[in-house]
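> Requesting a structural model of the entry that follows:
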Amino acid sequence: MNKPKVFVTDAQMRSSLAVIRSLGRQGLEVTGGEETRFATGFFSKYCKHSVVYPSPRKNQDRFLEYMKELVSNNEYEVIFPMTDYTVIPIVKHKKEFSKHTIVPLPDYDILINAIDKAKTLRIAMENNIPCPKTHFINELSDIGDIKDNLVYPVIIKPAKGFGARGVELCKSYEELKLKSREVYAVYDSFLVQEYIPHGDEVGVYALFNFDSEPRAVTVQRRIRSYPVSGGPSTLRETIKNPKLVDIAFELLKSLNWQGVAMVEFRTDPRDGIPKLMEVNPRFWGSLQLSILAGVDFPYLLYKLVTEGDIEPVMDYKEGVKCRWLLPGDILWFLSAPNKVGNLREFCRLRTNYDILSLEDPGPTFGFMMATARYLFDGEMWKFIIRKPIKEEGK
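Numbering: from 1, shown residues only. Okay, the predicted model is just below:
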C-alpha cells in the first residue's frame with residue numbers, strides 16, 4: 001500500500017522543517033518545496049523528495065502556474081503552504097488547487113480578516129477584547145486628523161505586514177509624519193497605536209475544526225526575541241493560561257476560523273491587562289515547541305482535513321522550552337545590551353532546539369549550506385537582519 005503523499009512549501013523555514021519532521025514520523029511521504037536547492041528542510045531524513053519552484057517573492061504568477069501544474073500531475077493528498085508568500089496566492093486560488101489536493105486553510109474572505117491587522121482589531125474591538133488604542137490610517141492626510149488624540153510614543157504598524165517589518169516607534173508628531181511617509185510608500189494602509197511597554201508576551205496556539213470549534217491548544221511565553229525590541233521568539237516555554245485561551249478562542253470564533261492560528265498578546269505593565277497584538281493565520285515559527293509539549297499540530301491538521309474532524313487535544317506539558325539558535329538566538333545575543341550579563345544564559349545549551357537534532361542532523365548542515373548561499377542574496381539578508389525598534393529612553 002502506497003503511503004499518503006503531502007507537499008510542504010517554504011522548506012527553508014523552521015516551521016516547515018517542524019511540519020516535515022512531524023508528518024514524516026507519522027509515515028507520510030513528504031515532498032518539500034523551496035525557491036532554492038539549498039533549503040534546511042530538504043536535508044531532513046523525513047523529506048523524501050525536494051522541488052525547486054519559481055520564487056513566490058519575485059514572480060507570484062510563475063509560482064502559481066508551476067504549483068498548479070505540480071499538484072495536477074502528482075497525487076498529493078494535502079499541500080501545506082507555510083509563509084505569507086505562499087499562503088496568500090494559494091488560498092486566493094484555492095478552488096483551482098482543491099480540484100487536485102486539499103488546502104488546509106480557510107477561504108480567502110476568512111483568511112484576510114486575520115492577515116489584515118486593521119480588520120482583526122476591528123473585530124476584536126467589536127467583541128470587547130482588550131487592544132491597544134488604535135487609529136486606522138488609509139491616507140497620509142489622516143495623520144493630521146488624529147494629531148490631537150495621540151500620547152507619545154506611538155507605534156506605526158503596517159496593516160498587512162509580518163515579522164515586525166515596517167514597525168516604527170515615533171516619539172513626536174514630526175517623527176510620526178516622517179516615518180508614516182516611509183511606511184505608506186511600502187505598505188499603503190497602516191495603524192497608529194499606543195505603545196505598550198514591554199511586559200510578558202504570550203501566544204495562544206490553536207487548531208479549529210470546520211465548525212470553528214477548538215480541537216487543540218498550547219500556550220507559550222516568550223523568553224527572548226530577535227530583534228530584542230520585538231520580533232520572533234528565540235527562546236520560549238509552554239505555560240498554562242486558561243483566561244487567555246478563552247479570549248483567543250472567542251476571537252477565533254468571531255473570525256469563523258478553521259485550521260491553525262496563533263493569537264499573540266502583550267501584558268500591559270501599566271494595568272496588568274493582556275492586549276491583543278496580532279493573529280498569525282498559519283503555522284508559527286515556534287511550532288516545534290508545541291510538538292515537543294505533546295500537541296502535534298501538523299499531524300492533527302492533516303487528520304482533521306482528511307477525516308473531517310478529530311478528538312480534542314486540550315492538554316499539554318507545561319514548562320517545556322525550545323530554542324531557535326540558528327541564527328535567531330545568536331542574533332539576539334549579538335544585538336542585546338549587556339552581553340557579559342547575558343553570556344551565561346546564552347551558553348545554557350541543555351534544552352530543545354528548533355533545528356538542531358541528533359535524531360535528524362541533516363537540517364543543521366542544510367542550514368549552513370543555505371547560509372552560504374544567502375551570503376550573496378541582499379534581499380534575504382534584509383529579511384534576516386531586522387531593524388530593531390528603539391524603545392523610549394534608549
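
> helix/strand/coil for G32?
Classification of G32 using DSSP: H, G, I helix; E, B strand; the rest coil returns strand.

> bridging residues for it?
Going by DSSP bridges, G32 is paired in beta bridges with V8, S50.

> so what's it up against?
7-9, 11, 16, 20, 39, 41-42, 44, 47, 49-51 (Cβ atoms under 8 Å, 6 or more residues apart in numbering). For glycine as for every other residue, the C-beta is placed from the backbone atoms N, C-alpha and C.

> mind putting these in CSV, pLDDT, distance to M67 and neighbour count included?
Formatted as CSV, these follow (pLDDT from 0 to 100; distance: Cβ to Cβ, whole Å; neighbours: other Cβ atoms under 10 Å):
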residue, pLDDT, distance to M67, neighbour count
F7, 98, 9, 22
V8, 98, 12, 31
T9, 98, 8, 28
A11, 97, 14, 30
S16, 98, 15, 29
I20, 98, 18, 29
A39, 94, 16, 27
G41, 97, 17, 33
F42, 98, 17, 26
S44, 98, 21, 25
C47, 98, 18, 27
H49, 98, 15, 13
S50, 98, 15, 17
V51, 98, 9, 17
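
> what's the closest of those residues to E139?
For the contacts of G32, the closest approach to E139 (Cβ to Cβ) belongs to T9, at 35.0 Å.

> Make sure that closest one is actually in contact with S16.
Yes - T9 is in contact with S16 according to Cβ atoms under 8 Å; the separation is 6.9 Å.

> these two touch, right, V228 and L334?
No - between V228 and L334 no contact is recorded; they are 10.4 Å apart, counting by Cβ under 8 Å.

> Comparing these two, which residue is more hemmed in?
Of the pair V228 and L334, V228 is the one with more neighbours under other Cβ atoms under 10 Å, namely 18 against 11.

> could you pull out the helices for the stretch 101-250 of the chain?
Secondary structure of the stretch 101-250 of the chain, counting by DSSP state H, counting those that start in this stretch: helices at 108-115, 117-126, 142-146, 173-187, 242-254.

> in the longest one, what's buried?
For helix 173-187, burial by neighbour count (16 or more other Cβ atoms under 10 Å) applies to 173, 175-176, 179-180, 183-184, 187.

> tell me which of those residues is nearest to Q288?
Of all these, Y187 has the smallest distance to Q288: 30.0 Å, by Cβ to Cβ.

> The closest one and N138, how far apart?
12 Å (Cβ to Cβ, to the nearest Å).

> quick revisit: how about the helices of the stretch 101-250 of the chain in a markdown table, adding distance to S72 and mean pLDDT?
Rendered in a markdown table, the data for the helices of the stretch 101-250 of the chain read as follows (distance: least, Cβ to Cβ, whole Å; pLDDT from 0 to 100):
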| stretch | distance to S72 | mean pLDDT |
| --- | --- | --- |
| helix 108-115 | 21 | 96 |
| helix 117-126 | 33 | 96 |
| helix 142-146 | 45 | 94 |
| helix 173-187 | 34 | 93 |
| helix 242-254 | 33 | 98 |
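
> Please tabulate those helices in a markdown table, including the columns distance to S55.
Converted to a markdown table, the helices of the stretch 101-250 of the chain look like this (distance: least, Cβ to Cβ, whole Å):
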| stretch | distance to S55 |
| --- | --- |
| helix 108-115 | 20 |
| helix 117-126 | 25 |
| helix 142-146 | 34 |
| helix 173-187 | 19 |
| helix 242-254 | 32 |
